[in-house]
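S.K.: Fold the following, please.
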Amino acid sequence: MCGIAGIYAFPNGQPVERPEIAAQTAALFHRGPNQGGIHLDDRRLCGLGARRLSIIDLQGGHQPLTGETGAISLVFNGEIYNHQALRAELEQAGHRFRSRTDGEVIIHGYEAWGIDGLLPRLRGMFTFALWDSRAQTLWLARDRFGFKPLYYTLHRNRLHFASEIKALLTCPDLPRQVNLTALEAMLTVGFTPGPATMFDGIFSLPAAHLLEARPSGIRVTRYWRLDFAPRPIPQAEAETRFLALLEEAVRLRLMSEVPLGALLSGGLDSGMLVALLVRQLDRPLHTVSIGFDHPQYDETPHARTLARHLGTLHHPAVFGPADFADYPTALHHLEQPQCSATMVPIYKLYRTCRQVGLTVVLTGEGADELLGGYHWHQGDLLARRLVGLPSALRHWLASLPLPVSPAARRVLARGQPDPARRYRDWLAAGDMDGRALLSGAVRAALPSGDNPLLAAWAEELAGLPRGDTFHQLLWLEARTRLVDFINAEVDKMSMAHSIEARAPYLDHKLWEFCAGLPARWKLHGRTTKYLLRQVARPILPPAIRQRAKQGLAAPYADWLRARRLPDWAEESLSAAAVRAAGYFDAAAVARLRQAHQAGAPGLAGLLMGVLSFQVWYGLFCRGHDR
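M.R.: Residues are numbered from 1 along each chain as shown. Sure, this is the predicted structure:
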């Protein structure tokens, strides 16, 4: 696990200087405290930098890495879980390795198979930058589910790239202007959809994409997508193959020369991973959980019970209102605002992992997206049958005192027949239009019509089987919220504490198998993640297998209702600060806060979004965006 960065100079661009790369990598020290290095091309066309968190080959895996002839150089972030098999194949073909580190297979694989032959062979989480001095070509690549981040910008005839935005901001004259389209999108769905970021002109390389930089310019292409074509298979065989693939995904993620543990919430996803881990390890396993002093959010009793059942050495942490003091620090690491505060307990969770002494942590992200585990996967089954009803009837149904979520009422009332638009309504940050909170100048500057970042979501559905709305929803989720919200939080909060997080449920072999299975083996009536619950029957207690998903959520709605927030929050939401930034209408923000404090429902997410943006603006943009 590392942080990578670099600069590529196009014709007429200034030659790359070593101090520039050194400044970038210094901003990434927390991602790789064990070792750092810089490679500068002889002609200063390209500079690569890395900070390394040593996991495999602690002494011999220093970066940047170079090929046998010196023509190929590489910086790499992540893990290639099948590197031993690839190494054996390459050694048989005559390649000679200098280290035991997994990243070296990328260089030799590129030399043997080219970039198009290399990427399909890689099984893991990764971003890398590979410089081919012979072809004067720089390749940037990101893993299939975007578990590892990579950002880039074009500035003064040069391409700058890095694992985190703050490394790009070390360029002294790089503009720090707010992306207004991204701000509008964040107020709609709660996060910034890629490839945009909240910084105008800075982009996130999409998951499963490759960027090629040559003297003539750049080209970004997709190298992988799922095939949802049905594959007939008996259910018993499906269960056997699913469990085998999951066990393999866990086993591959055990490679480590440093302390390894796991997160254990007390739910199905993490419980199954820990159970498989315990089976494969010959030593005690440390597990960590985060609980809350608010009973509605707390899973601590379930985590303790499961830890006792599985025999792990368990370390629970408890999140309370005082922990919101970490919000500005966590946001500094996350680098983009959001209409949520889940990053703060996640930040504390990984801090606890570090205090326990762990460097590698297995986590359960991806199971809900793989098998349909969220409440909206169930809700959408009913909603898509009702969206064709007359508007008045839909609004009447949405107003009835039924035991359904606020999101379900919103989806029913809005009645969107298009799956991509309806998914936005499931994710909506609040029941009111967030654009009403923006200042007049911002509203005037926004393009009319649909937000282009969100309109692009419909393009992700092209090529999927028509009428298979369930799998359309899963794929859209895997390309948007999973990458830009879930994975972004996990990577940034874990790396803030120099922790490598690994997610077995995001193994692409597992996804390729599950994609062709019938929807009923994922969402079976009212049973979510049906296939996982089936294979867990002989492994986990019934109380865990049958538990409804609770999920990690921060109790920020209650926190925001306090008459007096901490000074940093009060200052950020003050009329003076809102007017000084200029992106929100101060009177509208004051009304929003008053309504939320008075108990009005459906406003907490938007208020959190305003606070998040204001804090983010102060951290990154104040004084730089005019």
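S.K.: Low-confidence ranges, the chain, go.
M.R.: For the chain, residues meeting the criterion pLDDT under 70 lie at 1, 57, 550-551, 624-626.
S.K.: what's the neighbour count on Arg156?
M.R.: By other C-beta atoms under 10 Å, 13 other residues sit near Arg156. Every C-beta, even on glycine, is put in place using the N, C-alpha and C of the backbone.
S.K.: And the helices in the stretch 301-450 of the chain?
M.R.: Ranges of helices within the stretch 301-450 of the chain are 327-334, 343-356, 367-371, 375-386, 391-399, 406-414, 419-427, 440-445, based on DSSP state H, counting those that start in this stretch.
S.K.: Any chance of CSV for those, columns distance to Gly582 and mean neighbour count?
M.R.: Shown next, in CSV, are these (distance: least, C-beta to C-beta, whole Å; neighbours: other C-beta atoms under 10 Å):
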stretch, distance to Gly582, mean neighbour count
helix 327-334, 20, 20
helix 343-356, 25, 22
helix 367-371, 37, 24
helix 375-386, 35, 17
helix 391-399, 36, 14
helix 406-414, 30, 19
helix 419-427, 27, 20
helix 440-445, 7, 12
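S.K.: can you put the ones you listed in a markdown table and add distance to Leu277?
M.R.: Below are the helices of the stretch 301-450 of the chain laid out as a markdown table (distance: least, C-beta to C-beta, whole Å):
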| stretch | distance to Leu277 |
| --- | --- |
| helix 327-334 | 27 |
| helix 343-356 | 15 |
| helix 367-371 | 15 |
| helix 375-386 | 27 |
| helix 391-399 | 44 |
| helix 406-414 | 34 |
| helix 419-427 | 32 |
| helix 440-445 | 48 |
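S.K.: ok, now how distant is the closest residue to Leu412 other than its chain neighbours from Asp433?
M.R.: Leaving aside its sequence neighbours, Leu412 sits nearest to Ala398 (C-beta to C-beta, 6 or more residues apart in numbering; 4.4 Å). Distance, Ala398 to Asp433, by C-beta to C-beta, to the nearest Å: 17 Å.
S.K.: which one of the helices of the stretch 301-450 of the chain lies closest to Arg219?
M.R.: Among the helices of the stretch 301-450 of the chain, helix 419-427 comes nearest to Arg219, with 26.0 Å by C-beta to C-beta.
S.K.: what's the closest one packed up against?
M.R.: If contacts are counted by 3 or more C-beta pairs under 8 Å, 6 or more residues apart in numbering; DSSP states H and E, helix 419-427 sits against helix 180-189, helix 375-386, helix 406-414, helix 469-479.
S.K.: Measure how far the longest one is from the centre of its chain, please.
M.R.: Relative to its chain's centre, helix 375-386 lies at 25 Å (C-alpha atoms, centre = their mean, to the nearest Å).
S.K.: ok, now the third one?
M.R.: Computed by C-alpha atoms, centre = their mean, the separation of helix 406-414 from the middle of its chain amounts to 26 Å.
S.K.: re the thing from before, would you turn the helices and strands packed on helix 419-427 into CSV with distance to Ala595?
M.R.: As requested, these are exported to CSV (distance: least, C-beta to C-beta, whole Å):
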stretch, distance to Ala595
helix 180-189, 16
helix 375-386, 25
helix 406-414, 15
helix 469-479, 30
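S.K.: that older thread, now for the helices of the stretch 301-450 of the chain, which one comes closest to Arg564?
M.R.: Nearest to Arg564, of these and by C-beta to C-beta, is helix 327-334 at 15.8 Å.
S.K.: list the helices and strands the closest one packs on?
M.R.: Helix 327-334 packs on helix 343-356, helix 488-495, helix 567-573, helix 604-620, going by 3+ C-beta pairs under 8 Å, 6+ apart.
S.K.: Which residue would you name as the spatial centre of the chain?
M.R.: For the chain, Asn487 is the residue whose C-alpha lies nearest the centre (C-alpha atoms, centre = their mean; 1.7 Å).
S.K.: shouldn't that residue be in contact with Asp143?
M.R.: No. Taking contacts as C-beta atoms under 8 Å, Asn487 lies outside contact range of Asp143: 9.6 Å.
S.K.: Just tell me which of the helices and strands packed on helix 327-334 ends up closest to Arg533.
M.R.: Among the helices and strands packed on helix 327-334, helix 488-495 sits nearest to Arg533 (C-beta to C-beta), with 23.7 Å.
S.K.: report the angle between the axes of that closest one and helix 327-334?
M.R.: 100 degrees (axes from the mean of the first three to the mean of the last three C-alpha atoms, to 10 degrees).
S.K.: Next, the contact list for Asp173, please.
M.R.: 155-156 (C-beta atoms under 8 Å, 6 or more residues apart in numbering).
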